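K.L.:
this one's sequence-less:
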DNA sequence: GACTTTAGGTTGCGATGTGCAACTTAATAG
DNA sequence: CTATTAAGTTGCACATCGCAACCTAAAGTC
């Protein structure tokens, strides 16, 4: 399966290109990481990330445009603008964590400190993995691409 | 937790920046998606992705340099060069799938066809999620960042 | 109320990155 | 032995990035 002539079909419809059009630019992921860690204001992003002001302005604008962040006036100080994650933005958490875990394991080598834990159990979260419906982690060789019509009826999409 | 002064500590050590230095450039993810879907040769990437030849050459070189792909001579045709995923490259699968699922759900709107299924059960894979040790999916509010030293002893890192 | 500082930008300009087309070099096919 | 294919490289135009300086409006300061 997935060889030769039908590659183009797969590629054309793939959600990855769609995602990258929205968050694929340099700095976008780092800005999002910032919001997940509590950054809210322009000057906070600028000083923490060291990004150029014009680029930051542009990226925040694009993220707002794509409804990944929302731009709100700060009620306490009318000079300030608060950038907050939307549901769409929050949904990027698995991507960010998968990227972080990969970077730790394969690039920086050491598990980052602080560690991400389950608030209740205080235990570190699992390694991100592609999983079967029963929770089994799947490797590349355990996967197939099939046409929607070939699915056993009534399955929810992945 | 994670407010104000200790933000910089978190950011500096975060695996996300490490990961992005290696795979954060434009086209890198799309090239990797290609390899996961079976692309192997320069001309295959070029014609399928529509990327400029000089950029493709540069990106493949960088991915090889970072040991995400390996460059092998094709035994059958000595003009051809085969680009293959290394273990480090294969380990990016969760990132790619998380990105794909997000793009499907929040950008393109429709689940992509073909669907990624478990080879054995023929059922679509689970939605990628950050999970507790017991497999429970965790939302942002269910998570905390803690210093390594605060962990109950003997936990494996996340 | 004038004066300074802070927040969130915008503008200009040089350096870097991207995309296209043409060229190269080596191996293979006819 | 000529043509074609694979995998690049080179030159050049154009877009994006990053830095520094500037701008505007709202707070704070006295």
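P.N.:
Sure, I can see it. The model shown is predicted, which means the values in this text are computed figures rather than measured ones.

K.L.:
pLDDT below threshold where in chain A?
P.N.:
Chain A contains residues with pLDDT under 70 at A:1-13, A:153-158.

K.L.:
in it, which spans are strands?
P.N.:
Secondary structure of chain A by DSSP state E: the strands cover A:69-73, A:81-85, A:115-118, A:143-146.

K.L.:
how far does the second one sit from its chain's centre?
P.N.:
For strand A:81-85, the gap between its own C-alpha mean and the chain's C-alpha mean amounts to 17 Å (Cα atoms, centre = their mean, to the nearest Å).

K.L.:
is any part of it close to DNA strand C?
P.N.:
Yes - for strand A:81-85, a contact with DNA strand C is found by Cβ under 7 Å from any atom of the strand, at A:81-82. From N, CA and C alone the C-beta is placed, and that goes for glycine too.

K.L.:
who does that strand touch, helix- and strand-wise?
P.N.:
helix A:28-36, helix A:42-49, helix A:53-65, strand A:69-73 (3 or more Cβ pairs under 8 Å, 6 or more residues apart in numbering or on different chains; DSSP states H and E).

K.L.:
count of neighbours near residue A:75?
P.N.:
Using other Cβ atoms under 10 Å in any protein chain shown, residue A:75 has 8 neighbouring residues.

K.L.:
next: the one 3 residues further on.
P.N.:
Around residue A:78 sit 8 other residues, with neighbours defined as other Cβ under 10 Å.

K.L.:
residue A:85 contacts residue A:69, doesn't it?
P.N.:
Yes - applying Cβ atoms under 8 Å, one finds residue A:85 in contact with residue A:69, separated by 6.3 Å.

K.L.:
which neighbours do the two share?
P.N.:
Common contact partners of residue A:85 and residue A:69 (Cβ atoms under 8 Å, 6 or more residues apart in numbering or on different chains): residue A:35.

K.L.:
so for the two, which residue has more residues nearby?
P.N.:
Applying other Cβ under 10 Å to residue A:85 and residue A:69 shows that residue A:69 carries more neighbours, namely 24 against 19.

K.L.:
quick one: that one and residue A:151, what's the gap?
P.N.:
For residue A:69, the distance to residue A:151 equals 35 Å [Cβ to Cβ, to the nearest Å].

K.L.:
before we move on, the earlier item: including distance to residue A:98, could the helices and strands packed on strand A:81-85 go into CSV?
P.N.:
Formatted as CSV, the helices and strands packed on strand A:81-85 follow (distance: least, Cβ to Cβ, whole Å):
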stretch, distance to residue A:98
helix A:28-36, 11
helix A:42-49, 21
helix A:53-65, 20
strand A:69-73, 20
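
K.L.:
so which of those gets nearest residue B:64?
P.N.:
Closest approach to residue B:64 among the helices and strands packed on strand A:81-85 (Cβ to Cβ): helix A:28-36, 23.0 Å.

K.L.:
so which of the helices and strands packed on strand A:81-85 gets nearest residue B:92?
P.N.:
Nearest to residue B:92, of all the helices and strands packed on strand A:81-85, is helix A:28-36, at 14.1 Å by Cβ to Cβ.

K.L.:
give me the number of residues near the nearest residue to residue A:64 once chain neighbours are set aside?
P.N.:
Spatial nearest neighbour of residue A:64, excluding adjacent residues (Cβ to Cβ, 6 or more residues apart in numbering or on different chains): residue A:71 at 4.9 Å. By other Cβ under 10 Å, 13 other residues sit near residue A:71.

K.L.:
thinking residue A:71 is in contact with residue A:83, fair?
P.N.:
Yes - assessed by Cβ under 8 Å, residue A:71 is found in contact with residue A:83 at 6.1 Å.
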